[in-house]
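Enquirer: structure of the sequence below:
(chains A, B, C and D, ligands or ions: 4)
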Amino acid sequence: MSNEKHHIVPYRVYALVLVALLALTFASIGIVSIELGKYTVAAALIFATIKSFLVLTYFMHLKYDKPYIKAMVAFVFAIFFVVIVITFLDYLYRT
Amino acid sequence: MYSPEITQASNFVKGVDQAFLVILGISFLFLIGLTVVMIWFLYRYNRKRNPVATQIHGSTSLEIIWTVVPFLLTMVMFYYGWAGWKPMTKAPKDAMEITVYGRMWNFNYEYANGRRTDTLYLPKDQAVKLNLKAMDVLHSFYIPAFRVKQDMVPGKKDNFMWFEPQRVGNYEIFCTEYCGLSHSYMYSTAKVMEAAEFEKWMTDTTQLAAEVAAMEAPGAAGKKIMQNIGCFACHTVDGTKLVGPSFKGIWGHEVSVITDGQKRTITVDEDYIKKSIYDPNADLVDGFMKGLMVSYQGQLKDEDIAEIIEYLKTVK
Amino acid sequence: MEQNAHNEHVHYDAEASKIGMWLFIFTELLLFGGLFIVYSVYRFMNQEAFHLAAEELNTTIGAINTVLLLVSSMTIAVSTTTLQLKKKGLTLFLLGITVIIGVVFLVNKYFEWGAKIEHGIWPGSEHLKTAFSQGEILFFGLYYVMTGLHALHIIIGLIIILFAAHRVYKGTVNENRAALLENAGLYWHLVDLIWIFLFPLFYLIH
Amino acid sequence: MHKEQAANMSNYLTYQGKYKGLLGWITSTDHKRIGLLYLYSILTMFSVGVLLGLAMKLELLAPGKTIMDAQTYNSTFTVHGVIMIFMVVVPGLPAVFGNFLMPIMIGAKDVAFPKLNLLSWYLYVAGVFLVLAALFFGNGAPDTGWTFYAPYSFKTGTNLLPAVFGAFVLGFSSILTGLNFLVTIHRMRCPGMKWTKLPLFVWTLYGTAWIQLLATPVVGITLVLIALERLFGVGVFDPALGGDPILYQHLFWIYSHPAVYIMILPAMGAISEIIPTFAQKQVFGYKAIIASTMAIAFVGYLVWGHHMFTAGMSGTAQYYFSLLTFIVAIPSAIKVFNWISTMYKGSINVQTPLYWAASFIFVFMIGGLSGLVLGALATDVHVHDTAFVVAHFHYIVFGGTGFAFMAAIHYWFPKIYGRMYDKGWANAGWLVFFIGFLALYTPMFYLGMMGMPRRYYDYMKEFQGGNILSTFGSWILATGLVIIIVNLVKSARHGTPAEMDPWHSKTLEWQVSSPPSVENFDEIPEIAENDGPYNYK
Ligand code: HEA
Ligand code: HEA
Ligand code: CUA
Ligand SMILES: [Cu+2]
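Expert: Ligands and ions are numbered 1, 2, ... in the order given. Prediction:
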């Protein structure tokens, strides 16, 4: 309800998260400029995943939300991932 | 269509029909069993016969049984389905190759020696591999009697199907992927012959010439080519408009076309017809859709087009 | 896990509107998800061409836009804290910053697209069809569709933020009824989230 | 009974708000009125779809041209499919009965976002008009089939854009309904209404809503891509520009396979309400039914490729999709077993809704079992895109969802209108309808096995026998439908007043007056610890 206990996130947390996000951005730009061959895609995506994880947990308050909301978010990402994997069962194995 | 007498028309019939038998068999068993039980309950536990219901909440062991049993049965069905299909995916190395072109709205076939037909001639007991090429949109190549079907996908390179005809006869071929106006008229025939007879047909080059000679009229060869490759699916010679403009009185006629978005008028001559066939969308006849007629570059040679032009001159 | 006593107050249930927003975000994620599937399949089928085409994009503009969106995400996140601390002025100020950054992002995008179009690269253009391979055509097609759709979401996000700011100004959104602002924030983070993936996929990998 | 009379004075049908008459309806955010708005609009579209279906059958009575030309036929099945799928069965049960009953069943006064609910209906209407616009303006009705397969869908000269856009808007309406239901079920259950006490119909709506939410956007973006392809030539599905038409099919079926479970789950839910009521018996395996609902919703996401067995996917994908298709059939089997077991040792009161429910089980089994034929690789290669598929999905979409819809309307009719229908006519209608249905679609199984392709304007004369039978069936079916509709329409106005709980059911909607008051409950109910939706003694 209106006056239910709401977690107030301190400014400091937001500031730290932003710094981390920016650092990760530049790190990912750096990492793709060195030649990693076919791992560049993977590297860039790993950085993006970490960043989105930060945004979800802190900016989007998931850390402070009830477990069932977390579960829903996890479920949606999982199902999307599964759908991609299944689609690639076709493309990876085409002769 | 296949009728029950024509069993075993190809090497796949057995596997597919067995899968049908297994799945339909189990299905009928369940359908009849469950329906009978349901009707019996409706009768036996009718309010008149059973005024007070007995409350039962459920039964875990039953739930387990009727999860596991159908699971096992479906795995059996899956297995037969898979086993009947698996051999379709890999053509034997010694298969004879034929290229099938599908376009709106006809099929035609090109043999290793360059021969082209609009009927699929096949030797009995010889593995045949069809390379399927779609020229415009999706089509699907279906021979019910052989239990084979494969979509023809434009742009897809390794598109094929294979089979081994095992019985002499004529079998229908349908297009089963919806492809526009005359989808239901896109059919052709597979003619399975004894190997020796097929050999004779294949090497007999005089036949075509003889057919042409039989039709002495000017342009007969051109007409034959056009029939084979399927121009008349879209064009008529009697003035009716199908998908494309009619050829009636086309020669020397003035048409208004759209070139690069600009309208202009052209008199139909040899160059124009050739261009219309090799690059149909360059000069688009006013009032018709772009992209329907696709280029025949590589399918028709200049000599063929010369014959076609001869024919078109005669269409008054 | 839920308190059903809420029913007495059908008209304001912060948690209901929060779940509602999350559910909406899920559909948005899958909307882009469809495009990501298309992208990954075509990237897989045309690796070389995608590398080549990505060279055409300007990493610097992309990076600047990334930084902008991250910062704006932070400002709007902070604004929910300030609202709860009853600092209305600061909240409005932060929202203002967020909106300005969003607009700058769009301006950047405008120039970026403008430059491409000047070079004759747009879906269906003659130059694209003649001078580029099929894979590159696909790359640019997807580039326009995905960044375009993303820009559309930025615009929607901006409208929602302005609306929320207006309510904060009027006082109908306050420390006790913060749902609208929080939802605006969630939406804006979604826009950010998508960009976090668009950036490496289009600008970085070459 | 005095309480009931008092409530009747201001029931939701007669209630006077700010506006009178029609305006009072189309501005109302009352979930019950919105439910009826959907009912009337869906039935209107359904009638259009039925007429198109009958026209097709008439055309197929004989080979060659019978009543229309090929172009008209192609547009007819496209518009028939689009209407039936996107405007009738996808919204069908959730938007009508879900809206009307779900809040009452969970003890709430309305859905979580009533205005959004009304907006969903407006979006539905907007979508309908967009699709209809495609018929009357421009270059003629679209002729691609409801699947809009690329590349034909951007080559055809017909008026595809408004139809595609309309389907997009309809999808949006469906998403918003799903969202609304999810929030409502999560947040607005009355005290004591635990998850394990939710009526099964509500559970199926819950599963359905998740599918609506997570699958619909994928088709949304796919349709947008088709539109962009036509407008700008983006190239994503155009083989000439390097696109892959098979990818289009993946995206389309990623939505449209789960969508078939959007259609059937609420139907199963309605059946799960009706059977215990008429057997006066606790539902058999409450938890198993819930589990199977959620399993269908979840596994349903993973099997879309079974529509593409001949499309040219990799062998690995074919193997995998076939396997999972069989897995998804099992939860449906579990449901059938539980329904039938619920009848065991019941005290069965055979009334019209139960006729529909029992025949639902029968036709659903046929539809579902024929789905197994389609799910197996070898057999699907033979019958894919033939009349067999047409028979399968009419049996299951319209035998399943349609019969359940009929069961539902005969079950909840007294609640909705506060009046009873004529049972004799209702039963007669059912019988005629059922016979017509069997005659209409059974021959198509045979035709398909013989190799008659679908979407065929013309056919070889060998196929004529089956087609004639089928066409006759369509006339019988239509007769049945007319009987049913006339009976219901007449009874809604002049039927005898209905009691609060004519079937002696236990779910909450039967504990309020018929028709319900505007607020549903004077006081929010409370569910006692040992109470439940199927607590028959
Ligand atoms: C309400 C909609 C609905 C539902 C519920 C289903 C349910 C199922 N469908 Fe169907 N389907 C459609 C609507 C639906 N379908 C439509 C519209 C199309 C065509 C689209 C188009 O191309 O235009 C289609 C097409 C379609 C195809 C593609 C055919 C093709 O184009 O080649 C396949 C292939 O696997 C398939 C399979 C199944 C299966 C296995 C189920 C299963 O879920 C069925 C499960 C049910 C049962 C199994 C019966 C009950 C159980 C028993 C009686 C107990 C005994 C059971 C066992 C032993 C297992 N369907
Ligand atoms: C719900 C879905 C639905 C329903 C009810 C129907 C109803 C009918 N359909 Fe079907 N049909 C489709 C969905 C449906 N159809 C789809 C998706 C296609 C594929 C299109 C394509 O290929 O792209 C198709 C294709 C299709 C074809 C194949 C075209 C071809 O491949 O050549 C034919 C052929 O005759 C046909 C005939 C009919 C007939 C005669 C009726 C009816 O007229 C029969 C009369 C019906 C009744 C008398 C009443 C039934 C009552 C209810 C269902 C209760 C009300 C329920 C609610 C309001 C939810 N339809
Ligand atoms: Cu070619 Cu249908
Ligand atoms: Cu399916």
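Enquirer: state which one residue of the stretch 51-200 of chain D is found closest to ligand 3.
Expert: D:Tyr152 (9.2 Å; CB to the nearest ligand atom). For glycine as for every other residue, the C-beta is placed from the backbone atoms N, C-alpha and C.
Enquirer: residues in contact with that residue?
Expert: Neighbouring residues of D:Tyr152 by CB atoms under 8 Å, 6 or more residues apart in numbering or on different chains: B:137-138, B:178-180, D:144.
Enquirer: equivalent analysis for D:Lys287, please.
Expert: For D:Lys287, the contacting residues are B:58, D:196, by CB under 8 Å, 6+ apart.
Enquirer: so how far is D:Thr76 from it?
Expert: 45 Å (CB to CB, to the nearest Å).
Enquirer: distance from stretch B:267-280 to the middle of the chain?
Expert: Offset of stretch B:267-280 from its chain centre (CA atoms, centre = their mean, to the nearest Å): 29 Å.
Enquirer: where are the low-confidence patches of the chain?
Expert: Since you didn't name a chain, this refers to chain A. Scanning chain A for pLDDT under 70 picks out A:1-7, A:35-37.
Enquirer: you looked at the wrong chain, it should be chain B
Expert: In chain B (pLDDT under 70), the answer is B:1-7, B:205-218, B:290-291.
Enquirer: before we move on, the earlier item: how near is the residue of the stretch 51-200 of chain D closest to ligand 3 to ligand 1?
Expert: 15 Å (CB to the nearest ligand atom, to the nearest Å).
Enquirer: and what of B:Ile266?
Expert: Using CB to the nearest ligand atom, B:Ile266 is found at 44 Å from ligand 1.
Enquirer: does the helix or strand harbouring that residue reach chain C?
Expert: Taking DSSP states H and E as the criterion, B:Ile266 maps to strand B:262-267. No. Strand B:262-267 stays clear of chain C (CB under 8 Å from any CB of the partner chain), getting no nearer than 14.8 Å.
Enquirer: list the residues that contact the residue of chain C found nearest ligand 1.
Expert: The nearest approach of chain C to ligand 1 comes at C:Gly34, 19.4 Å away (CB to the nearest ligand atom). Contacts for C:Gly34 (CB under 8 Å, 6+ apart) come out as D:217-218, D:220-222, D:251, D:254.
Enquirer: nearest residue to it other than its sequence neighbours?
Expert: The spatial neighbour of C:Gly34 that comes closest, neighbours along the chain excluded (CB to CB, 6 or more residues apart in numbering or on different chains), is D:Ile221 at 3.8 Å.
Enquirer: show me the contacts of D:Tyr152 that map onto helices.
Expert: Residues of those located in helices (DSSP state H): none.
Enquirer: take those and write them to a markdown table, including distance to ligand 2 and neighbour count.
Expert: Formatted as a markdown table, these follow (distance: CB to the nearest ligand atom, whole Å; neighbours: other CB atoms under 10 Å in any protein chain shown):
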| residue | distance to ligand 2 | neighbour count |
| --- | --- | --- |
| B:Val137 | 15 | 29 |
| B:Leu138 | 14 | 26 |
| B:Tyr178 | 7 | 25 |
| B:Cys179 | 13 | 25 |
| B:Gly180 | 13 | 23 |
| D:Thr144 | 8 | 25 |
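Enquirer: and which of those is nearest to D:Gly157?
Expert: B:Gly180 (9.8 Å; CB to CB).
Enquirer: hmm, that closest one is touching D:Asp143, no?
Expert: Yes. B:Gly180 lies in contact with D:Asp143 (CB atoms under 8 Å); the separation is 7.1 Å.
Enquirer: need the residues touching each of these two.
Expert: In contact with both B:Gly180 and D:Asp143: D:74, D:156, using CB under 8 Å, 6+ apart.
Enquirer: how much space between the residue in chain C positioned nearest to chain A and A:Tyr39?
Expert: Here chain C gets closest to chain A at one residue, C:Pro200, 3.8 Å apart by CB to the nearest CB. The gap separating C:Pro200 from A:Tyr39 is 13 Å, by CB to CB.
Enquirer: between those two, which has more neighbouring residues?
Expert: Just comparing C:Pro200 and A:Tyr39: by other CB atoms under 10 Å in any protein chain shown the higher neighbour count belongs to C:Pro200, 24 against 12.
Enquirer: pull out the buried residues from stretch D:381-396.
Expert: By neighbour count on 16 or more other CB atoms under 10 Å in any protein chain shown, the buried set for stretch D:381-396 is D:381-396.
Enquirer: among these, which are in strands?
Expert: The members of the buried residues of stretch D:381-396 all map outside strands under DSSP state E.
Enquirer: returning to what we had before: which one is the residue of chain C closest to chain A nearest to, not counting chain neighbours?
Expert: Closest residue in space to C:Pro200, ignoring its immediate chain neighbours: A:Ala44 at 3.8 Å, by CB to CB, 6+ apart.
Enquirer: pull the contacting residues for the one you found.
Expert: A:28, A:31-32, C:200-201, C:204-205.
Enquirer: again with D:Thr184
Expert: So D:Thr184 contacts D:102-103, D:106, D:108, D:111-112 (CB under 8 Å, 6+ apart).
Enquirer: check contacts around the residue in chain A that chain B sits nearest to.
Expert: Closest residue of chain A to chain B, CB to the nearest CB: A:Thr95 (5.9 Å). By CB under 8 Å, 6+ apart, the contact list for A:Thr95 reads B:158, D:314.
Enquirer: gap between it and B:Ala91?
Expert: Counting by CB to CB - A:Thr95 and B:Ala91 are separated by 12 Å.
Enquirer: A:Val9 falls within a strand, correct?
Expert: No. Counting by DSSP: H, G, I helix; E, B strand; the rest coil, A:Val9 falls outside a strand, being coil.
Enquirer: what's the closest non-adjacent residue to it?
Expert: Using CB to CB, 6+ apart and skipping residues adjacent in sequence, the residue nearest A:Val9 is C:Thr81, 5.4 Å away.
Enquirer: D:Thr156: which element?
Expert: Counting by DSSP H and E, D:Thr156 is found in no helix or strand.
Enquirer: please name the residues that touch it.
Expert: With contacts defined as CB under 8 Å, 6+ apart, the neighbours of D:Thr156 are B:180, B:289, D:142-144.
Enquirer: JSON lines for those residues, including distance to chain C?
Expert: Formatted as JSON lines, these follow (distance: CB to the nearest CB, whole Å):
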{"residue": "B:Gly180", "distance to chain C": "23"}
{"residue": "B:Met289", "distance to chain C": "17"}
{"residue": "D:Pro142", "distance to chain C": "22"}
{"residue": "D:Asp143", "distance to chain C": "24"}
{"residue": "D:Thr144", "distance to chain C": "19"}
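Enquirer: alright, I will stop here.
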